[in-house]
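J.: Sequence first, then the predicted structure, then my questions.
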Amino acid sequence: MDKSVEEKWQRKWEEAKVFEADPDEREKFFITFPYPYMNSAPHIGHAYTLSRVDVIARFRRMLGYNVLFPFAFHATGATIYGVAERLRKGDEDQKRALLVAGLPEEEIENFKDPVYIANYWRRIWERVLRKFGVSVDWRRKFITTEMFPPYSKFIEWQYLKLKEMGYVYKGTHPVVWCPNCKSPTGNADRIEGEEARVVEITLIKFKIDDLVLPTATFRPETIFGVTNLWVNPDHEYGIYLLGEEKWVLSDEAAFKLKEQKKDIRPTGERIKGRDLVGKKAKNPVNDTEIIILPAEFVDPNEGSGLVMSVPSHAPYDYAALLDIKREAKKLSSEYGIPKIEIERIEPISIIDLSSEGFGEHPAIEICAEMGIESQREVEKLEEATNKIYKKEFHKGVMKVEPYNGIKVSEAKVEVARNLISSGKAELMYDLSEEVVCRCGTKCHVKVIEDQWFLKYSDEDWKQKVLDWLDAMEIYPEEARAQMRNFVLELRDWAFTRRKGLGTRLPWDKEWMIETLSDSVIYMAFYTIAKHVNQGIGAEQLIPEVFDYVFLGIGDPSKVSNKSGIPKEKLLEMRREFEYWYPVDLRGSGKDLLSNHLVFSIYHHVALWPIDKWPRAYSVNGWVLFEGEKMSKSRGKVINLEEAIEKWGSDLVRITLASSGETLDDVDFREENLRTFESRLRRIEEYIELLGKMKGREIGRAERYLISRLQRNVKEATEMLKKTMTRSAMVRILFNPMNDLKWYFKRVGGIDKANGEVVRECLKKIVLMLCPYTPHFSEEMWSKLGGDGFASLQKWPEPDYSKINEKIEEQERLLSSLIEDIKEIKGLIESRGASTKKVKIFVASDWKYQTLSTLREKRNKEEVIKELMSMEEFRKRGMEVIRLVERLFKEETLPIITREEEIEMLREASDFISKETSLEVEILSEEEAKEEKELNKAKQSIPGRPGILLL
RNA sequence: GCGGGGGUGGCCGAGUCUGGCCAAAGGCGUCGGACUUAAGAUCCGAUGGCGUAGGCCUGCGCGGGUUCGAAUCCCGUCCCCCGCACCA
């Protein structure tokens, strides 16, 4: 599509303010796209979701809705801020990344200012989106953060509201922390340990008098099976004060605990691991004396640096025990432990795993099975540990009091809770694997204090969200379950950050409201953004204004006095909000499924009554380019503006919007784009050829074409209502084009086609394409002599009365007849014979009678009985029965009558002749004479005449 | 680990809820033909295998089962993808 043509229509739309939406008497449709983050230019990934949203917006507009599609820009968060900061520090990698992404060199200096960055991309976004032809009402644009103070006022109002309602509280929580960057380290900020998670470890306090030996474990329930403790003899431990208690800890563990806000102080005393060996500690659950033994597998970096030994259920412990026993003599002399103390250690079985075929000591069994004999067989031990851990966790049952009979998975939680609450254990956080920050520093878990939380765990609140999730429309349907489960698992949300751009928490200015939390209800802001942009100052946007406009609380005169906003304006804003809200459809990528979209429901549910909650969500997958994942790091992101320059907006739009409609990722391929290009070109050709189409008749072929078109219109309409932009495309473009092709062939050439019928057909196709290819459609619409903008035409209404099942069936029968003839012809000719003529025998009348009897009865015996009661059938005997048997196998019985079939074939005989290059003769079964003819004629059934090739 | 979703023809992708019209829509690709000096584009046709008459065989991850009949329902099994919070 010619670029200048696209620009022409964009200009015309703008001049005519086609997409500026204000309240009126029509039914409204409010559609939104999550505002994009301003750290890059739009790429085809954005454009995919965007094209789908715009298709729906334009479709709804054509359906007669007053459609509002606004747009805004998101700048909240630490990413933009981080880019600027890294540039200020002279980070070359950052600079290179920006240049690779296409940023002009001279902008680098400017990019040291985060506000500049956001504004820079924002200008580009708006420019590109206009080129993309999205039907946005730009009067309502805005950007988040304190860059645009009215927005901050809006956010402040929201959080004051939530606090008032008791949904906000202050607490602590653990994060993965980089001590160098002094900030939490998200998955994307890590060179190592992207999958790492914060895990909870129980530190169980064994004691030697008042000295605490905390052993770290993931399996607190095994405390009942402890036979000894393990210490690394070569390691030096420190003695720390934890509150009132004296703890033996590796220094690493002490550091971790300190970062986790435990009250921990060094005493300066040190103790060697080997000095602990042979000592006896008390098991806190039963006061038994537990001997401390040396083991080299104990890693001071993990947990506390001390471990309890449960050889019955932990392969490592059993393997170490084997080592120890083997060297009992040596140990005895080295550490002065009586040999007997070592020899008499016996595994204590506490978990029943017989359901999995294990006996008393699963760890021993698996070690034997895998041939593990020493703690040095690390690889095997890891595998064995994993296996046993999983099996016991899922299938194991406790067999010691007071947990006898309880599943391990439950006992584990119980035991830990009881130990901790009775002061016999402490909770410690650790990482499931090592994490290294992008800056190269090793990370650990830090507990952040004074953090502000949104109480998403609140039962009533959560329940309301779940209920609404069941009630609202979600496309595709499978997204619903995902969101639902996310809500069920959702804990409280830490919604403030120390760093980045955003809006400050109004009552605690040290904190910024984080990026997902300031974007939950901003769709409401669109409804008034137009007025704000016309000159309402941030200082006028006092909470009372929002209370009134969004919630209808307060007296407009008083609010006007206090805020200085004219009362009329306030009333208008209120009316506008009432008119547009709620959001009718929010279309997004699947990345927002398990966060933003859910949070948005949460906040709507909290602040508004049910009639303002979001009506529908539509979610789609990512875009691959030529089968490959786009990735910023590899510089393989397809910039939207470049794509538009290269291919034109319409082709990019239609290719994207037609590429998918589910959560699966889609593939953007140039070859697909070329397909659309060729189909569009063909439409244009057909339009140009309209003058040559001289047919006047409305015959079978025309009725078929019209019927098929109506069917496609109907299906496309239904699909677009469900945001199925891909499935709809098949009905809008591919099917109709194939039908037209058939039609032209059927009537014997373009010049014989009925121009008026084709024109109507093309008009409908052009209009239905308009949401996808608005520029092209506008251009074709004017070529077709249509009035006004195609974008503002009425969406073709399916005319059910023109859907003609009979005609469709007849054309189907015709086409399969031709296929059959061709197949036979091919077979004959493949052996060198030639063909010249086809005789077509329409079935005898009694066969049609059989068919209609069959259709009424649907029961073989009855049908046969009834037919056999008639002399005419009886005399045919087996022939009738065979036919009934055969028809019974056909699931769809033709609805055609004999007369219709004959008429259809007569009418189409020239066509058949042309298609098969054979002379055609239509006969009835009774007209068959010689044996060859009789044989073939006999095979005829209704809808499927006998064929004889000569 | 927990949760969600999948495995369909050379590829992408419908169909699965509501079993039969499904050798399986649509698109891509491939092959043959037309056009062209040629290539490309475009158009026409074919595209699971076999087949001297419209048929037959195989087939929707794998193995079983239910049924007159299964891509569709049930059981088992293997494999793959996505999310899991301080990244937006």
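T.: Yes, it's here. Numbers count the residues shown, from 1 in each chain, chains lettered A, B, ... in the order given.
J.: near RNA strand B, anything from the host helix or strand of residue A:86?
T.: Assigned by DSSP states H and E, residue A:86 belongs to helix A:79-88. Yes: using Cβ under 7 Å from any atom of the strand, helix A:79-88 reaches RNA strand B at residue A:79. C-beta here means a position set from N, CA and C on the backbone, and glycine is covered the same way.
J.: Beyond that helix, next helix or strand please.
T.: By DSSP H and E, the next helix or strand past helix A:79-88 is helix A:92-100.
J.: chain center to that next one: distance?
T.: 30 Å (Cα atoms, centre = their mean, to the nearest Å).
J.: re the thing from before, buried ones in the helix holding residue A:86, by neighbour count?
T.: Buried residues in helix A:79-88, counted by 16 or more other Cβ atoms under 10 Å: A:79-87.
J.: cool, stretch A:269-281 as well?
T.: For stretch A:269-281, the buried set under the neighbour-count rule, 16+ other Cβ under 10 Å, comprises A:273-274, A:276-279, A:281.
J.: from the residues you listed, which ones fall inside helices?
T.: A:273-274, A:276 (DSSP state H).
J.: Which parts of the stretch 151-300 of chain A are strands?
T.: Under the criterion DSSP state E, counting those that start in this stretch, strands of the stretch 151-300 of chain A are mapped to A:168-178, A:183-184, A:190-192, A:198-208, A:211-217, A:228-231, A:236-242, A:245-249, A:264-272, A:280-282, A:289-294.
J.: mind saving the C-alpha coords of the fifth one as PDB?
T.: Read it as strand A:211-217. In PDB, the C-alpha atoms belonging to strand A:211-217 read as follows (Å, rounded to 0.1, in the frame of the first residue of the first chain):
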ATOM      1  CA  LEU A 211      25.100 -22.900  74.100                       C
ATOM      2  CA  VAL A 212      22.700 -23.100  71.100                       C
ATOM      3  CA  LEU A 213      23.700 -25.200  68.100                       C
ATOM      4  CA  PRO A 214      21.300 -24.300  65.400                       C
ATOM      5  CA  THR A 215      20.900 -26.900  62.700                       C
ATOM      6  CA  ALA A 216      19.500 -25.800  59.400                       C
ATOM      7  CA  THR A 217      17.000 -28.000  57.700                       C
END
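J.: With distance to RNA strand B and pLDDT as extra columns, can I get the ones in helices among the buried residues of stretch A:269-281 in JSON lines?
T.: Output for those, formatted as JSON lines (distance: Cβ to the nearest atom of the strand, whole Å; pLDDT from 0 to 100):
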{"residue": "A:273", "distance to RNA strand B": "32", "pLDDT": "83"}
{"residue": "A:274", "distance to RNA strand B": "36", "pLDDT": "84"}
{"residue": "A:276", "distance to RNA strand B": "33", "pLDDT": "84"}
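J.: Out of those residues, the closest to residue A:302 would be?
T.: Nearest to residue A:302 among those, counting by Cβ to Cβ, is residue A:273 at 14.4 Å.
J.: Residues of the stretch 351-500 of chain A that sit close to RNA strand B?
T.: Contact residues (Cβ under 7 Å from any atom of the strand) of the stretch 351-500 of chain A with RNA strand B: A:390, A:394, A:451, A:456, A:478, A:481-482, A:485-486, A:489-494, A:497, A:500.
J.: Which members of those residues occur in strands, if any?
T.: Judged by DSSP state E, these include A:451, A:493-494, A:497 as members of strands.
J.: element containing residue A:782?
T.: Using DSSP H and E, residue A:782 sits in helix A:774-783.
J.: okay, now the residue of chain A found nearest RNA strand B: neighbour count?
T.: Ranked by Cβ to the nearest atom of the strand, the top residue of chain A for proximity to RNA strand B is residue A:186, at 1.5 Å. Residue A:186 has 13 neighbouring residues, counting by other Cβ atoms under 10 Å.
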